[in-house]
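Novice: For reference, the sequence and a predicted model appear below.
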Amino acid sequence: MKKIAVLTGGGDCPGLNNAIKQIVHSGKDKFEIEGITEGWAGAIKIALGGDRETYTLPLNVEQVRRIDRTGGTILMSSRKNPFNYNNQDLSDEVMKFLNENYYALIAIGGEDTLGVAGKLSKKGLRVVGIPKTIDKDLCGTQFTLGFDSAVDIVWKEIEILKSTAGSHGLTYFVEIMGRNAGHLTYWSAVAAGAHFVTIPEVETNYEKLFERISERKKSLPMKRGYTLDGLRYTMIIVSEGTKLRSIGEIKKGKTDDHGNTYLGGVAEFLTKNYTEMTGNEARAVVLGHIQRGGAPSFQDRIRGRILGEESLKLIRKEYFGRMATIDNYETGDVSLDQIIGRIRVLDADKCYDQEKFRPIIGKENKIYHEKEIDKS
């Protein structure tokens with residue numbers, strides 16, 4: 001039987017194990033399935049002479065029987081890059097190992113993981129991709145594994161915060177993941193009924209945002225010394241990649257192997273400056289990795305199965321260098337070339353009010369506007 005490898009790269013999310021399980025079930029009669037642990041890092045370590053048993057996991061029906069009930073990935077993950085591993089280009093070594101030992105590789109990941117897969121495909125690697133990212137910023141596909149689950153987690157966390165915010169009349173700046181694209185922040189804010197939202201696609205004039213918050217507070221009617229229930233607090237949902245006017249992104253300084261600078265701290269920055277400029281009390285909340293944890297939503301359970309099955313179809317047809325997709329609720333595939341150096345973002349001119357810092361739903365009879373652009 002021909003052997004297929006599977007790896008998961010980048011941040012974990014619900015739905016990965018569902019895709020892995022379906023790959024095993026779909027391929028069990030024709031292929032031997034083996035997982036490579038730690039994403040591209042595992043492949044690199046084996047290619048450099050590491051113990052293969054340490055970085056691989058045989059996958060069979062019994063092995064994956066219960067994994068679809070939980071989030072994360074049984075194969076573990078990493079953000080390593082064979083084109084830039086400890087400042088070395090080890091892509092040739094990794095490709096040689098994979099092509100000599102496997103009939104094909106299924107890479108499950110976001111723009112970085114599948115961007116590597118696309119570059120290796122150009123060199124001759126027999127690879128197909130499955131889209132996964134809670135940021136939903138992959139080109140070529142309308143849906144990605146993990147996004148639906150993350151939105152479901154985030155809006156529920158915001159709802160929980162409302163009870164404390166309402167009890168004390170607080171202003172909350174809630175920081176949500178999203179480096180270049182605001183899909184997660186945008187839809188979480190809509191679902192939770194947040195009052196204001198900032199996204200990476202547009203520059204945020206934070207002084208004007210503070211004015212909007214103050215105007216809202218002043219406009220609320222008073223009764224018995226406080227504003228009416230449900231209107232006495234303010235929730236601002238903030239993408240971690242929000243670009244502040246004259247400042248830009250709030251960065252942590254560290255950079256990963258794909259050249260991405262770690263972000264974080266924009267909610268703290270806004271809270272501090274809001275308090276200093278207005279004299280009003282505020283709090284910062286960073287949801288962090290809670291957003292990508294837990295069991296998959298029903299949508300990610302289903303999409304994991306669908307995309308796992310589609311990846312096997314591509315391999316059977318020898319359509320290598322392709323990514324399985326779901327677009328307008330139809331399955332398909334696109335070239336991995338569409339992933340390299342490109343991202344899918346909100347079309348902010350059509351779905352976001354930059355003066356009021358609020359989403360626009362249903363403009364031009366379309367619920368949602370997005371577009372694909374060069375990452376640069």
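Specialist: Good, I have the coordinates. Numbers count the residues shown, from 1 in each chain.

Novice: who does the helix or strand encompassing residue 373 pair up with?
Specialist: Element membership of residue 373, judged by DSSP states H and E, is strand 370-374. On the basis of DSSP bridges, the sheet neighbours of strand 370-374 come out as strand 342-346 (antiparallel).

Novice: Low-confidence ranges, the chain, go.
Specialist: Filtered on pLDDT under 70, the chain yields the residue ranges 220-231, 363-366.

Novice: for it, what spans make up the helices?
Specialist: Counting by DSSP state H, the chain has helices at residues 16-27, 40-47, 91-101, 111-123, 147-168, 183-192, 206-219, 266-278, 298-316, 348-351.

Novice: now the strand holding residue 373: how far from the chain's centre is it?
Specialist: Using C-alpha atoms, centre = their mean, to the nearest Å, we find the averaged C-alpha position of strand 370-374 to lie 16 Å away from the chain's own average C-alpha position.

Novice: can you give me the angle that strand makes with helix 183-192?
Specialist: Orientation of strand 370-374 against helix 183-192 (axes from the mean of the first three to the mean of the last three C-alpha atoms, to 10 degrees) gives an angle of 160 degrees.

Novice: Go ahead and name everything in contact with strand 370-374.
Specialist: With contact meaning C-beta atoms under 8 Å, 6 or more residues apart in numbering, strand 370-374 is reached by 139-140, 183, 338, 341-347, 351. For every residue, glycine as well, the C-beta is placed using N, CA and C.

Novice: Please indicate which of those are buried?
Specialist: Burial of the contacts of strand 370-374 was assessed by neighbour count (16 or more other C-beta atoms under 10 Å); the buried members are 139-140, 183, 338, 342-347, 351.

Novice: and the residues you listed as TSV, adding distance to residue 309?
Specialist: Written out in TSV, the entries for the buried ones among the contacts of strand 370-374 read as follows (distance: C-beta to C-beta, whole Å):
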residue	distance to residue 309
139	22
140	18
183	25
338	21
342	26
343	26
344	23
345	29
346	30
347	31
351	32
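
Novice: domains for the chain, by residue range?
Specialist: 2-146+296-340, 149-293+346-374 (automatic domain parsing).

Novice: what's the most buried one of those?
Specialist: Burial of the domains of the chain is given as mean neighbour count (mean count of other C-beta atoms under 10 Å); domain 2-146+296-340 ranks first at a mean of 21.

Novice: can you pull the contacts of the nearest residue to residue 58 once chain neighbours are set aside?
Specialist: Nearest non-adjacent residue to residue 58, counting by C-beta to C-beta, 6 or more residues apart in numbering: residue 34, 5.7 Å away. When contacts are counted by C-beta under 8 Å, 6+ apart, residue 34 touches 3-6, 56-59, 102.

Novice: quick check, nearest of the residues you listed to residue 14?
Specialist: For residue 14, the closest of the contacts of residue 34 turns out to be residue 6, at 17.2 Å, with distances computed as C-beta to C-beta.

Novice: Distance of the residue nearest to the closest one when sequence neighbours are not counted relative to residue 38?
Specialist: In this structure, residue 6 finds its nearest non-sequential neighbour in residue 106, 4.7 Å apart by C-beta to C-beta, 6+ apart. Applying C-beta to C-beta, to the nearest Å, the value for residue 106 to residue 38 is 16 Å.

Novice: go on, residue 182?
Specialist: Taking C-beta to C-beta as the measure, residue 182 falls 30 Å from residue 38.

Novice: cool, residue 319 as well?
Specialist: Distance from residue 319 to residue 38, by C-beta to C-beta: 27 Å.

Novice: just residue 126 next, same as before
Specialist: From residue 126 across to residue 38, the span is 21 Å (C-beta to C-beta).

Novice: Residue 295 now?
Specialist: The gap separating residue 295 from residue 38 is 23 Å, by C-beta to C-beta.

Novice: try residue 264
Specialist: Noted for residue 264: a distance of 24 Å to residue 38, by C-beta to C-beta.

Novice: swap in residue 270?
Specialist: 36 Å.

Novice: Then residue 256?
Specialist: On the measure of C-beta to C-beta, residue 256 and residue 38 end up 14 Å apart.

Novice: ditto for residue 82
Specialist: Using C-beta to C-beta, residue 82 is found at 12 Å from residue 38.

Novice: what do you get for residue 293?
Specialist: Summarising the geometry, the distance separating residue 293 from residue 38, computed by C-beta to C-beta, is 19 Å.

Novice: re earlier: identify those among the contacts of residue 34 that sit within strands.
Specialist: Per DSSP state E, strands hold the following members of these: 3-6, 56-59.

Novice: could I get those residues as JSON lines with distance to residue 280?
Specialist: Conversion of the ones in strands among the contacts of residue 34 to JSON lines gives the following (distance: C-beta to C-beta, whole Å):
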{"residue": "3", "distance to residue 280": "62"}
{"residue": "4", "distance to residue 280": "58"}
{"residue": "5", "distance to residue 280": "55"}
{"residue": "6", "distance to residue 280": "51"}
{"residue": "56", "distance to residue 280": "56"}
{"residue": "57", "distance to residue 280": "53"}
{"residue": "58", "distance to residue 280": "59"}
{"residue": "59", "distance to residue 280": "55"}
